[in-house]
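J.: After the sequence you'll find the predicted model.
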Amino acid sequence: MKFSFTEDQRLLAETVGEVLDKACPPEAVRAAAGRGRPGPAWRALADVGLLGAHIAEEHGGLGLTPLDTVLAYEETGWYAVPGPLVETAVAAPALMPAEQLEGIAAGAVTVSVRGAYTPYLPDADLADVLVAGTTVAARGEVALTPHESVDATRPLFTDDLDAGAAAALGPEAGTAFGGAFDAAALMTAAQLVGLGRRLREEAVGYAGQRRQFGKVIGSFQALKHQLADVAIALEFAAPLVHRAAYALTHGAPTASRDVSAARTAASAAAHRAARTALQVHGAIGYTDELDLRLWLNRVWALRSAWGDDGLHRARLRAALLDDPSGPRTVRLP
Amino acid sequence: MDLTFTPHQQEFREEVRAWLAGHVPAEPLPSMDTAEGFERHRDWERTLAGARLAVVSWPEEYGGRGAGLIDWLIFEEEYWASGAPGRVSQNGIFLLAPTLMAYGTDEQKRRHLPRMARADDVWAQAWSEPESGSDLASLRATARPDGDGWRLNGQKTWSSRAVYADWCFGLFRTDPESERHHGLTYFMLPLDSEGVTVRPIAQLDGEHGFAEIFFDDVHVPADGVLGELGQGWKVAMATTSSERGLTLRSPGRFMATADRLLELARQSDDQTLRDAAVAAWTDSEAYRLHTFRAAARLAEGIELGADSSLMKVFWSELDLRMHELALDLLGPRAPVASRWLDGFLFALAGPIYAGTNEIQRNIIAERVLGLPR
């Protein structure tokens, strides 16, 4: 029993954090709402290998596991990296023909992916390849309809993808999509944890400098206790995310359940962090002038990405309550 | 990351499970806050100690097995899953013992630890005073030098199990000029010392789970002092950032409750409560994983520090939420005496004892997040 990460795993996250600190400042995220998507962060993530992390070495990737990259994905959440990152670098490698993977690892090919449970493809306008469930198509073959989204840096599109308009992936695609879904939901959870931490940091920073009634507002218990609750929620969501990465990496029978547990906890923690950060900032937080809204909106966008809370709750109910033949409660091996 | 247990740990788990299956009383023991129930719980502790299972993480010379933290967590998981009785010796073995091992003289350790492990001595805490609850550092009970020893005066309160316990430990002011957390000293003394009066206080459930302790010129010999004179606050708090932060409430207890909660939820068609039960189970899993992570960090030499405050708020509110949910799932049966109802009344105390959750949230805000006092 050793619930900790290796030096290499921590180092990858550190490296990703360092390059994003330069390539993905708030201005870059802000620019992504216009023509600046995916922006310089994409190139930087290709250079450090994150785009090819889940692609085999023979196809130009690093052949890493979810456990290897989950901390790095927390960093991508902290920086609110624009573009279909999880779709391209986590889901697509499990869904696309091998000959297209080199382009993904190199940062030359972007992919938008959706499951059958949602009509919306994120960032489909800039993606080279679109995947809907088991169907893969080049963007040019698909008619896209844009929809206004809570997060302008992550626009949503509906498509006309069907069996006639696109080539099927193949018979094993059904199971492949399941694997892609779990990995993508996990990394979305990791991003939500990172976003939550960023919002906690922003809120604590503001509470420590804004003065009212002659004191910094962070000295008031009413705010302290709200921020403490954010810290608690994030502190206990992270181990679930890390455990799900472990379960996926080792093909544990509980992997899907563990992913959904991680996803619901991360979603709730990030939402709490978002609500609290906004409340701590007050009216200035409720404006476009402050960068805060970049992280707020991303949280609200990602909470329904790769399965909304309802989908993941249903999977948890099925695993824990509804399977009379299954083991009652499987904890760790 | 490795979330598997070693073959040796698996064997230990099997041994504990088999032993508990053969020894846990079929009927729950009477409340440990009654005279009869207290002695029955003391007997149970002796049975545990006979199998060297009372304090597995302690050194062998004091009655333990020298087991590591992970083994102790395994023991706890099996213990609570088996439905075994609550630990009447918990104040001693979980709160005093880590401090005693860190600050006690060899003689103090030899004298107290083996008796504590067998529950020959059951210990009560003497921290709070009528005017010093959350603001513990304002405490006023005194200890003045008297020959080789000390004379204690003052009043302590909310001392769990002091009605039937044998010894108590707590802080007394040895420097009359001192203020706040300065000038305090950590004392250990028998509750049958001359000048000690214990007055029982009935709790919510009507049992005498609390007591006030009055000290009227009580003589305590020099070896009743634990750690350095005037350093009592530091001595009392030092171990909170080490294993004690973990051992106050191990995950096993909440995992067992969560599993039983799922059993109830499976029989319900109330989707709101079913979802809430699933969420609570997930939280119990989060607490378990967080504890394993903390164990890994301790192994790397990283102190828990104020993290133990995060844990205390989390488990106490989880425990209460699970019992509230269970009562909701029981519906009309909720007010009828049951294990869930007992558990609910006990869980209600969680956010209050061991530092209220309001104090813990202050600590989190100030020491984890760095907000100003």
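T.: All right, it came through fine.
J.: Please enumerate the helices of the stretch 201-333 of chain A.
T.: Counting by DSSP state H, counting those that start in this stretch, the stretch 201-333 of chain A has helices at residues A:221-249, A:255-281, A:292-302, A:309-320.
J.: List the buried residues in the longest one.
T.: Looking back up the chat, that one is helix A:221-249. With burial defined by 16 or more other Cβ atoms under 10 Å in any protein chain shown, the residues of helix A:221-249 counted as buried are A:223-249. Bear in mind the C-beta positions are built from the backbone N, C-alpha and C, glycine included.
J.: Report the contact partners of residue 116.
T.: Since no chain was named, I'll use chain A. Contacts were defined as Cβ atoms under 8 Å, 6 or more residues apart in numbering or on different chains; by that measure A:Ala116 touches A:132-133.
J.: my bad, chain B
T.: Contacts here follow Cβ under 8 Å, 6+ apart; on that basis B:Met116 touches B:55, B:89, B:92-93, B:96-97, B:123.
J.: Secondary structure element for it, which one?
T.: In this assignment (DSSP states H and E), B:Met116 forms part of helix B:106-117.
J.: What's the mean pLDDT across the next helix or strand after that helix?
T.: Reading on from helix B:106-117 to the C-terminus, the next helix or strand found by DSSP H and E is strand B:123-126. Averaged over strand B:123-126, pLDDT sits at 96.
J.: Strand B:123-126: partners in the sheet, and parallel or antiparallel?
T.: Note on strand B:123-126: by DSSP bridges, its sheet partners are strand B:167-173 (parallel).
J.: Look at B:Glu45 and say how many residues are nearby.
T.: Look at B:Glu45: counted by other Cβ atoms under 10 Å in any protein chain shown, it has 23 neighbours.
J.: nearest spatial neighbour of it, skipping sequence neighbours?
T.: Distance criterion Cβ to Cβ, 6 or more residues apart in numbering or on different chains; nearest residue to B:Glu45, sequence neighbours excluded, is B:Ala119 at 3.5 Å.
J.: so that neighbour touches B:Pro85, yeah?
T.: No. B:Ala119 sits out of contact with B:Pro85 when judged by Cβ atoms under 8 Å, with a separation of 11.7 Å.
J.: what sits in contact with each of the two?
T.: Contact criterion Cβ under 8 Å, 6+ apart; residues shared by B:Ala119 and B:Pro85: B:His41.
J.: now the residue of chain B most remote from its centre, what's its secondary structure?
T.: In chain B, the residue that sits farthest from the middle, by Cα atoms, centre = their mean, is B:Asp269; the gap is 36.5 Å. Three-state assignment for B:Asp269 (DSSP: H, G, I helix; E, B strand; the rest coil): coil.
J.: Let me know the next secondary structure element after the least confident helix or strand in chain B by mean pLDDT.
T.: Counting by mean pLDDT, DSSP states H and E, the weakest-scoring helix or strand in chain B turns out to be helix B:244-247, with a mean of 67. With elements assigned by DSSP H and E, the helix or strand that comes after helix B:244-247 is helix B:251-266.
J.: list the buried ones in that next one?
T.: Neighbour-count burial for helix B:251-266 flags B:251-262, B:264-265 (criterion: 16+ other Cβ under 10 Å).
J.: and chain A, which of those residues contact it?
T.: Applying Cβ under 8 Å from any Cβ of the partner chain, the subset of the buried residues of helix B:251-266 adjacent to chain A comprises B:255, B:259, B:262, B:265.
J.: How is chain A divided into domains?
T.: Each domain of chain A is listed here as a residue range: A:7-168, A:173-322, per automatic domain parsing.
J.: will you turn those into TSV that also has mean pLDDT?
T.: Listed next are the domains of chain A as TSV, based on pLDDT from 0 to 100:
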stretch	mean pLDDT
domain A:7-168	93
domain A:173-322	95
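J.: mind giving me TSV with the ones you listed and columns for distance to B:Pro7?
T.: Conversion of the domains of chain A to TSV gives the following (distance: least, Cβ to Cβ, whole Å):
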stretch	distance to B:Pro7
domain A:7-168	23
domain A:173-322	18
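J.: Just name the most buried of these.
T.: domain A:173-322 (a mean of 22; mean count of other Cβ atoms under 10 Å in any protein chain shown).
J.: That domain near chain B at all?
T.: Yes. Using Cβ under 8 Å from any Cβ, we find that domain A:173-322 touches chain B at A:200, A:204, A:207-208, A:216, A:218-219, A:221, A:223-225, A:227-229, A:231-232, A:235-237, A:239-240, A:242-243, A:246, A:261, A:264-265, A:313, A:316-317, A:320-321.
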